[in-house]
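In: fold the following and give me the result.
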Amino acid sequence: MNSSHSSTGTQTKAQVGLTNTERYQQVDNTLLVMLPAITRFEASKANRLICRHFGKRFLGPVTMLVDVEPYARVRVCWLSAKPTHGADHCKGWGRLIHDLSHYIFRRRHPRFRPHECGHATLEREIAAYVVSKGWLEGTLKPEVAAKQTTEERRLASLERLDERLKRWDVKQRRASNIIKRLTRQRASLMRRTSRRSTVRCEVQN
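Out: Numbers count the residues shown, from 1 in each chain. This next block holds a predicted model:
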């Protein structure tokens, strides 16, 4: 196992000698006392980013040959329309962090027990990652475009009309050039046809 990286799921020096309860208390201490609501969009994005960051195969033992894929679906228990308690692993952010830590830990160490001492380290690191990225402050939320004023909407409409006029003007000039070229070709063909008819008449006479 690669013990040189703190994200391998092994216990740190500070956790040696701690009980399991004390180790998981460190996870709770990493998070806010109250966690904000979380939408499906945020949960889906957090799932992908957490698995991408903590699921690299070099973070696990040498037997871990592939990276961890994101969890197959967004679980309903990850969603919460209301704030949840930081130590609550039943719903919301706390549940998402807890579930993904077990999911990644199981991929790294399929023979380990679910709450082997290294799991608490991994869950604490994921919690710290979520906090450091500002996700609890809403940085994962989709950007909402500012509402345009009436004047801004009119200007935008004028710009779109100008663009359409430019495109049609180009098409019109292109069509005009094609018509002129075809007209010249037709006139040339008519002149050649007229000469040949004249020559035939002269020969016959």
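In: roughly how far does residue 91 sit from residue 53?
Out: 23 Å (Cβ to Cβ, to the nearest Å). In short, each C-beta sits where N, CA and C put it, glycine included.
In: tell me how far the helix ranked longest in the chain lies from the chain's centre.
Out: Determined from DSSP state H, the single longest helix within the chain is helix 150-204. Distance of helix 150-204 from the chain centroid (Cα atoms, centre = their mean, to the nearest Å) equals 47 Å.
In: helices of the chain, start to end?
Out: 20-30, 40-54, 92-108, 117-132, 150-204.
In: hmm, back to that, compare residue 91 and residue 53 (neighbour count), which wins?
Out: Using other Cβ atoms under 10 Å as the criterion, residue 91 and residue 53 rank with residue 91 on top: 19 against 15.
In: quick check: the more buried one vs residue 57, distance?
Out: 31 Å.
In: what of residue 137?
Out: Taking Cβ to Cβ, one finds residue 137 at 31 Å from residue 57.
In: can you list the domains in this protein?
Out: Listed by automatic domain parsing, the domain ranges of the chain are 6-137, 150-205.
In: leaving out the residues flanking it, which one is nearest to the residue most central in space within the chain?
Out: When Cα atoms, centre = their mean is applied to the chain, the residue found nearest the centroid is residue 45 (6.5 Å). Sequence neighbours aside, residue 140 is the residue nearest to residue 45 in space, at 5.0 Å (criterion: Cβ to Cβ, 6 or more residues apart in numbering).
In: for that neighbour, give me phi and psi.
Out: Backbone torsions for residue 140, taken as degrees, to the nearest 10, come to phi -90, psi -10.
In: between the helices of the chain, which gets nearest to residue 65?
Out: helix 92-108 (10.6 Å; Cβ to Cβ).
In: and that closest one, how far from the chain's centre?
Out: For helix 92-108, the distance to the chain centre is 20 Å (Cα atoms, centre = their mean).
In: which elements pack onto that helix?
Out: strand 34-35, helix 40-54, strand 84-85, helix 117-132 (3 or more Cβ pairs under 8 Å, 6 or more residues apart in numbering; DSSP states H and E).
In: mean confidence for the longest one?
Out: Helix 117-132 shows an average pLDDT of 93 in the prediction.
In: again, but for the first one
Out: Throughout strand 34-35, pLDDT has a mean value of 94.
In: from the chain's centroid, how far away is it?
Out: On Cα atoms, centre = their mean, the centre of strand 34-35 falls 25 Å from the chain's centre.
In: what packs against that strand?
Out: Strand 34-35 packs on strand 84-85, helix 92-108, going by 3+ Cβ pairs under 8 Å, 6+ apart.
In: now, of those, which is deepest in the fold?
Out: Most buried of these, by mean neighbour count (mean count of other Cβ atoms under 10 Å): helix 92-108, with a mean of 22.
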